[in-house]
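Engineer: All I have is the shape, not the residue letters:
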Ligand SMILES: Nc1ncnc2c1ncn2[C@@H]1O[C@H](COP(=O)(O)OP(=O)(O)OP(=O)(O)O)[C@@H](O)[C@H]1O
């Protein structure tokens, strides 16, 4: 086990930021920590890193109790914080060299690691630039290089793709996969469910300081009641027909979204066939009809009552 967090409680005066939070991370995982704004993700990460004092609970990293002075453990950890945290008065290369130098004493090895980190984030054309001359996406890449240059075995990435263009986003996501393939375990927080679905081997959903559920995206989707949604646009449908539609087997709810009717089904077979029969029997005309499997956002909505990006 690379990280083990048990019953973590953190209070800021009367506010409970972490409420008996639990998390376990195995070697080789890309673990996604997802939750709405203010649910406690950053507090959890900062507690694990021993950057914050907490009120109760246990934290082990690499099988050892984590303390502010656990330098042997910290050497094996890389952190890419939510806010770009680099020195404005150092160039790209000097920044990476500074952060790498905090953990790597050997001069030659440090030089090699800095070069490799620059290659990794593809900032070779910018090594003499100061951060303020870099675009948002390039700054994020520099932030990542500073966090990973010392080749840590465990990497925390806190929303690394916020406010970056699509090209830099793909670059960053591929980079995370690459780091994982090279042997790093990753803990990744994001607001972008599609990203989590793309790269995470397992996801923990947090809300109000608690870990609600954990599993692969497939496992999480299997936990919710909705198993299928059919989106249809009917011509001139009456409210009473929509009410009647609720008697189709396995229909659990019907929502209107503009012109679309979103018909939600719980587990069951032949949902589309049953709906088509209903359409025929009731002489309904439609311009759109397609089936969707539940998304992570549906899981989120059902578990927390709100979307991730509320
Ligand atoms: N230093 C602090 N003093 C008081 N309250 C704080 C402090 N830091 C965080 N909080 C509160 O603790 C709760 C958890 O905050 P935290 O930053 O951990 O959430 P988060 O999930 O990382 O949010 P986001 O997705 O917005 O970054 C929030 O209600 C926040 O307002």
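Structural biologist: Thanks, I have the structure now. Small disclaimer: the values here were computed from a predicted structure and weren't measured.
Engineer: Against residue 80, how distant is residue 139?
Structural biologist: For residue 139, the distance to residue 80 (Cβ to Cβ, to the nearest Å) stands at 12 Å. Where C-beta positions appear, they are placed from N, C-alpha and C, glycine not excepted.
Engineer: neighbour-wise, which of the two wins?
Structural biologist: Higher neighbour count among residue 139 and residue 80: residue 80, with 22 against 19, using other Cβ atoms under 10 Å.
Engineer: contacting residues around the closest residue to the more buried one other than its chain neighbours?
Structural biologist: In this structure, residue 80 finds its nearest non-sequential neighbour in residue 147, 3.8 Å apart by Cβ to Cβ, 6 or more residues apart in numbering. Shown in contact with residue 147 (Cβ atoms under 8 Å, 6 or more residues apart in numbering): 78-81, 99, 155, 157.
Engineer: Including distance to the ligand, could those go into a markdown table?
Structural biologist: Putting the contacts of residue 147 into a markdown table (distance: Cβ to the nearest ligand atom, whole Å) gives the following:
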| residue | distance to the ligand |
| --- | --- |
| 78 | 19 |
| 79 | 14 |
| 80 | 14 |
| 81 | 11 |
| 99 | 22 |
| 155 | 17 |
| 157 | 13 |
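Engineer: related to what we said a few turns ago, wait, a helix at the residue nearest to residue 80?
Structural biologist: Yes. Looking at residue 147 with DSSP: H, G, I helix; E, B strand; the rest coil, it is inside a helix.
Engineer: where's it relative to residue 135, distance?
Structural biologist: 19 Å.
Engineer: now residue 297
Structural biologist: Residue 297 is 29 Å from residue 135, by Cβ to Cβ.
Engineer: How about residue 174?
Structural biologist: Taking Cβ to Cβ, one finds residue 174 at 18 Å from residue 135.
Engineer: Outline the domain layout of the protein.
Structural biologist: Using the TED database, the domain parsing of the chain gives 1-219, 224-292.
Engineer: Can you add mean pLDDT and give the ones you listed back as CSV?
Structural biologist: Converted to CSV, those look like this (pLDDT from 0 to 100):
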stretch, mean pLDDT
domain 1-219, 93
domain 224-292, 91
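Engineer: So which residue is dead centre in this protein?
Structural biologist: Taking Cα atoms, centre = their mean, the centroid of the chain lies closest to residue 190, which sits 3.4 Å from it.
Engineer: how deep is residue 167 tucked in, by neighbour count?
Structural biologist: Neighbour tally, residue 167, other Cβ under 10 Å: 9.
Engineer: same deal with the one 3 residues further on?
Structural biologist: Other residues near residue 170 come to 13 when the count uses other Cβ under 10 Å.
Engineer: Not counting residues beside it along the chain, what's closest to residue 159?
Structural biologist: Residue 159's closest residue in space is residue 82 (Cβ to Cβ, 6+ apart), at 4.9 Å.
Engineer: Test my guess that the one you found contacts residue 157.
Structural biologist: No. Residue 82 lies out of contact with residue 157 (Cβ atoms under 8 Å); the separation is 9.2 Å.
Engineer: List only those of the contacts of residue 147 flagged as buried.
Structural biologist: 78-81, 99, 155, 157 (16 or more other Cβ atoms under 10 Å).
Engineer: Widest-spaced pair of the residues you listed?
Structural biologist: 99 and 157 (14.9 Å; Cβ to Cβ).
Engineer: Any part of stretch 209-220 near the ligand?
Structural biologist: No. Stretch 209-220 stays clear of the ligand (Cβ under 6 Å from any ligand atom), getting no nearer than 7.1 Å.
Engineer: quick one: that stretch to chain centroid distance?
Structural biologist: Its chain's C-alpha centre and that of stretch 209-220 lie 12 Å apart, by Cα atoms, centre = their mean, to the nearest Å.
Engineer: Could you pull out the buried residues of it?
Structural biologist: Here stretch 209-220 shows 209-212, 214, 217, 220 as buried, counting by 16+ other Cβ under 10 Å.
Engineer: now swap in stretch 166-185 and tell me
Structural biologist: 168-169, 171-173, 175-176, 179-180, 184-185.
Engineer: and if you look at stretch 60-69?
Structural biologist: 60-62, 66.
Engineer: Not counting its own residues, what contacts that stretch?
Structural biologist: Contacts for stretch 60-69 (Cβ under 8 Å, 6+ apart): 1-4, 48-51, 58-59, 70, 73, 76-77, 153-154.
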